[in-house]
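Participant: I would like to see how this sequence folds:
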Amino acid sequence: MDVLDVRENDAIMTLMVVLEFYLGLYGSVPGRIEAAAKAAVGETKETTEKIAATAAQLAHGDLVEQLGKAVNQVASDAAKKQQWKALGAGIAAAAISLLVTGWMCFDAGKEAGYGAAIKVARNETAAAAWANTPEGQLAYRLALAGSLQQVARCSAPGWKIRNGACLPQVDAEGTLHGWVMP
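Facilitator: This next block holds a predicted model:
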């Protein structure tokens with residue numbers, strides 16, 4: 001948060017936390033796909049070896065060579081089918097992961113944005129309500145007269161801050177100063 005200058009309630013932070021969670025959650029999927037593919041290839045290889053052993057015992061001469069070629073072709077075709085199945089399963093898992101992550105991030109961002117909008121609207125409502133009170137109207141008239149800053153900061157000539165209070169002081173000419181009334 002410090003490096004990216006992201007506030008704690010920022011929707012981007014929520015998005016980053018959710019994405020980090022799903023990165024960890026789905027980071028193991030490629031390894032599982034690889035393990036399934038290896039298992040399928042292993043089964044195919046085992047089956048191929050059994051077929052080849054049986055064919056070798058039954059065949060003689062040229063027949064043995066032709067049968068071996070046929071067995072290898074069948075095993076190769078079966079292995080390719082298994083590889084395509086594993087690849088398809090991996091692509092499907094990745095697509096589903098992306099869709100779920102996107103949906104969750106959208107939902108979290110929508111909730112965070114709605115909460116921020118409600119907070120801003122409440123502050124605006126409170127400010128508008130105060131502005132319509134007699135004190136708010138008086139402060140507005142003081143601001144229009146140009147005296148609000150002098151009153152708030154005790155910055156008018158002849159006025160000084162003492163012990164946390166704004167008190168009048170006689171200037172060098174013996175004159176007492178004030179501010180314009182609304």
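
Participant: quick one, strands of this protein?
Facilitator: Secondary structure of the chain (DSSP state E): strands at 159-162, 165-168.

Participant: Tabulate the ones you listed (a markdown table), appending mean pLDDT.
Facilitator: As requested, the strands of the chain are arranged in a markdown table below (pLDDT from 0 to 100):
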| stretch | mean pLDDT |
| --- | --- |
| strand 159-162 | 84 |
| strand 165-168 | 86 |
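
Participant: could you dump these to TSV with distance to residue 132 and mean neighbour count?
Facilitator: (Glycine included, C-beta is placed from N, CA and C.) As requested, these are exported to TSV (distance: least, Cβ to Cβ, whole Å; neighbours: other Cβ atoms under 10 Å):
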stretch	distance to residue 132	mean neighbour count
strand 159-162	30	12
strand 165-168	27	12
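
Participant: need these in a markdown table with distance to residue 92, can you?
Facilitator: Below are those laid out as a markdown table (distance: least, Cβ to Cβ, whole Å):
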| stretch | distance to residue 92 |
| --- | --- |
| strand 159-162 | 73 |
| strand 165-168 | 74 |
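
Participant: for the protein, which spans come out with low pLDDT?
Facilitator: 1, 59-61, 179-182 (pLDDT under 70).

Participant: repeat that with 90
Facilitator: Within the chain, the ranges that satisfy pLDDT under 90 run 1-41, 43-83, 85-90, 92-95, 97-132, 135-182.

Participant: can you tell me which helix in it is longest?
Facilitator: helix 62-131 (DSSP state H).

Participant: Let me know which of the strands of the chain is the nearest to residue 94.
Facilitator: For residue 94, the closest of these is strand 159-162, at 67.4 Å, according to Cβ to Cβ.

Participant: which residues touch that closest one?
Facilitator: Contacting residues not belonging to strand 159-162 are listed as 150, 154, 166-169, 177 [Cβ atoms under 8 Å, 6 or more residues apart in numbering].

Participant: Kindly reformat those residues as JSON lines containing distance to residue 37.
Facilitator: Formatted as JSON lines, the contacts of strand 159-162 follow (distance: Cβ to Cβ, whole Å):
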{"residue": "150", "distance to residue 37": "80"}
{"residue": "154", "distance to residue 37": "79"}
{"residue": "166", "distance to residue 37": "81"}
{"residue": "167", "distance to residue 37": "86"}
{"residue": "168", "distance to residue 37": "89"}
{"residue": "169", "distance to residue 37": "89"}
{"residue": "177", "distance to residue 37": "89"}
